[in-house]
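Student: fold the stuff below for me.
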Amino acid sequence: MKNVNSAAPTRKVYPQQISALLIGLLASTFVFAKEPVESARYVKETGEYVIQTADGVFQQGTQKISPHGSNTTLRSINQSMGATDDGDYSIERANLNIAVTESLGSNGLKGKNSRKASPQAYSYNLSGDFNGDGCTDTATVNGDRISITMPCASRTRYYNFSGNVAINGVYDTDGEAGVEIVVVNAPYLEIVDAADDRKRSYYLGSNWAINGHYDANGRSGNEIGIVKSHHLVFIEDIDQDTTDFYLSWNSWSINGNYDTDGDPGVELGVVSSGYFTLFDLRDYRWRNYGISGAYFVNGAQNIDNKAGKEVLINNYGRSQNATIYDATGVIRWERY
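Tutor: Predicted structure coming up:
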C-alpha cells in the first residue's frame with residue numbers, strides 16, 4: 001500500500017444543472033418517451049469533465065461552478081445524514097450505540113447557541129477479525145487510544161490519537177482481509193488498519209457528517225459517503241483517495257443508495273428542488289432528471305426484469321407518477 005498524507009488527494013467533480021428546456025417537456029401528460037437527460041463524466045487522466053447538455057451537445061472543460069448563496073449549513077440537509085433535530089451533528093450508531101460525529105460545534109438540540117458537544121473519555125470494547133487471520137480480536141477504545149488484542153497472533157497493538165475519538169463503525173474499507181475501525185477525529189476521518197499496522201487519515205475540515213458506507217465503485221471494500229455543505233465526498237480507501245462531487249444547490253438530501261444502472265457498485269440518489277440526481281462513483285459521473293413541482297421518492301425496485309433498479313417518483317405537485325430507468329437514461333410519466 002502507498003503512504004497516505006494526513007490531507008488525502010482529492011478528485012473534484014462539478015455537476016451543472018439541467019437545461020430549462022427539460023422542465024417544460026415534463027409538463028406533458030401520458031408521455032412515454034425518452035427525455036433528454038444531462039449527464040457528466042469525469043476524466044481522471046486529464047482532470048477535466050465532459051458534460052452532455054439537454055440538447056445532446058457534448059462540452060469539455062474545467063470551469064468550476066460557484067456556490068449559490070452563502071452561509072449554508074447542514075441544517076437544510078439534516079435528513080441526508082441522519083442528523084438530530086436541526087442538523088448540527090449526526091449520530092452514527094456503532095456496536096454500542098455511542099459514536100457521535102460532531103460537525104457544527106453544537107449539540108444539535110437547540111441550534112447555534114447550544115452547548116458545544118465533545119466526546120467524553122470512556123472505555124469500551126469492539127470485536128472483529130481486525131488483522132485478517134480468521135480469529136476474533138478485541139479492540140478497546142479508551143479516550144484517545146485504541147488497543148487491539150489479537151489472541152491468535154499473540155500480540156497487542158496500540159493506536160494513539162489527538163484528543164478523544166468517536167467510532168463510526170467496524171467494516172472493510174480497503175478490500176483486503178480483516179475489517180477496519182473507522183474513527184471520527186475532527187477535522188479528520190481516520191481508519192485503523194491492524195492488518196497493515198497503520199492508520200490512514202483523511203482531512204475533511206469542518207461541518208461534515210457521515211452518510212454511510214457502501215460499495216459505490218464496484219470494487220472490493222466499502223466507500224464512505226460524507227456530506228459537507230455543497231459537497232458529496234466519497235472516501236475510497238482502496239485507493240487511499242477521495243472523490244469530491246460539488247453540488248451547486250443550496251438544499252439537497254440523500255434519498256438512499258441502490259444500483260440503478262446494472263453496473264457493479266451502487267449509485268447515490270439525491271433529492272433537490274427541480275431535480276433527482278444519481279451520483280455514479282464507478283464512472284465518476286452524475287445523471288440529472290428534471291422534475292417540475294413537489295415530489296417524493298417512492299422507492300427503488302426492479303420492475304423491468306433487467307439489471308439495475310428503477311426509481312419511482314410521486315410527482316404529487318403535478319398529479320403524476322414517474323419511473324426513472326437509469327440504465328437507459330429514460331424517465332417516463334403517467335398522470336393519476
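
Student: residue ranges for the strands of the stretch 101-250 of the chain, please.
Tutor: Assigned by DSSP state E, counting those that start in this stretch, the stretch 101-250 of the chain shows strands spanning 123-128, 137-142, 145-150, 155-160, 166-171, 180-185, 188-193, 198-203, 209-214, 223-228, 231-236, 241-246.

Student: what's the least confident stretch among these?
Tutor: When the strands of the stretch 101-250 of the chain are compared by mean pLDDT, strand 123-128 comes last with a mean of 92.

Student: which strands and helices lie in contact with it?
Tutor: Applying 3 or more Cβ pairs under 8 Å, 6 or more residues apart in numbering; DSSP states H and E, one finds that strand 123-128 contacts strand 137-142, strand 166-171. Just so you know, the C-beta spots here come from the backbone N, C-alpha and C atoms, and that holds for glycine as well.

Student: out of these, which gets nearest to Gly299?
Tutor: strand 166-171 (25.2 Å; Cβ to Cβ).

Student: what count of nearby residues applies to the closest residue to Asn298 other than its chain neighbours?
Tutor: Nearest non-adjacent residue to Asn298, counting by Cβ to Cβ, 6 or more residues apart in numbering: Leu312, 4.1 Å away. For Leu312, the number of neighbouring residues by other Cβ atoms under 10 Å comes to 16.

Student: I'd say Leu312 and Thr323 touch.
Tutor: Yes: using Cβ atoms under 8 Å, Leu312 is in contact with Thr323, at 6.0 Å.

Student: is it fair to say Ala307 lies in a strand?
Tutor: No: assigned with DSSP: H, G, I helix; E, B strand; the rest coil, Ala307 falls outside any strand and is coil.

Student: so, low pLDDT: which residues of this protein?
Tutor: Residue ranges of the chain with pLDDT under 70: 1-122.

Student: still on that earlier bit, which one of the strands of the stretch 101-250 of the chain lies closest to Ile303?
Tutor: That would be strand 209-214 among those, by Cβ to Cβ, at 22.2 Å.

Student: quick one: that closest one to strand 180-185, angle?
Tutor: Computed with axes from the mean of the first three to the mean of the last three Cα atoms, to 10 degrees, the direction of strand 209-214 lies at 170 degrees from that of strand 180-185.

Student: doesn't Leu232 make contact with Ile224?
Tutor: No: in this structure, Ile224 is not within contact of Leu232 by Cβ under 8 Å, at 11.6 Å.

Student: just say helix, strand or coil for Gly317.
Tutor: Gly317 is classified as helix under three-state DSSP.

Student: again with the one 5 residues further on
Tutor: The three-state label for Ala322, taken from three-state DSSP, comes out as strand.

Student: returning to what we had before: distance of the residue nearest to Asn298 from Pro151?
Tutor: For Leu312, the distance to Pro151 equals 49 Å [Cβ to Cβ, to the nearest Å].

Student: so the residue nearest to Asn298 sits in a strand?
Tutor: Yes: applying three-state DSSP, one finds Leu312 inside a strand.

Student: so what's it up against?
Tutor: Going by Cβ atoms under 8 Å, 6 or more residues apart in numbering, Leu312 touches Val297, Asn298, Gly299, Ala300, Gln301, Asn321, Ala322, Thr323, Ile324.

Student: name the nearest residue to the first one, sequence neighbours excluded.
Tutor: Counting by Cβ to Cβ, 6+ apart, Asn255 is the residue found nearest to Val297 once chain neighbours are left out, at 4.7 Å.

Student: isn't there a strand covering that neighbour?
Tutor: Yes: counting by three-state DSSP, Asn255 is part of a strand.

Student: who's in contact with it?
Tutor: By Cβ under 8 Å, 6+ apart, the neighbours of Asn255 are Gly269, Val270, Val271, Phe276, Val297.

Student: weed out the non-buried ones from these.
Tutor: Using 16 or more other Cβ atoms under 10 Å as the burial test, the contacts of Asn255 include Gly269, Val270, Val271, Phe276, Val297 as buried.

Student: closest one to Thr243 out of those residues, please.
Tutor: Val270 (14.8 Å).

Student: dig out what that closest one forms beta bridges with.
Tutor: Ile254, Thr277 (DSSP bridges).

Student: so it makes contact with Ser253?
Tutor: Yes: counting by Cβ under 8 Å, Val270 does reach Ser253; the two are 7.0 Å apart.

Student: and the contacts of Leu312, which of them are buried?
Tutor: Here, 16+ other Cβ under 10 Å leaves Val297, Ala300, Asn321, Ala322, Thr323, Ile324 buried among the contacts of Leu312.
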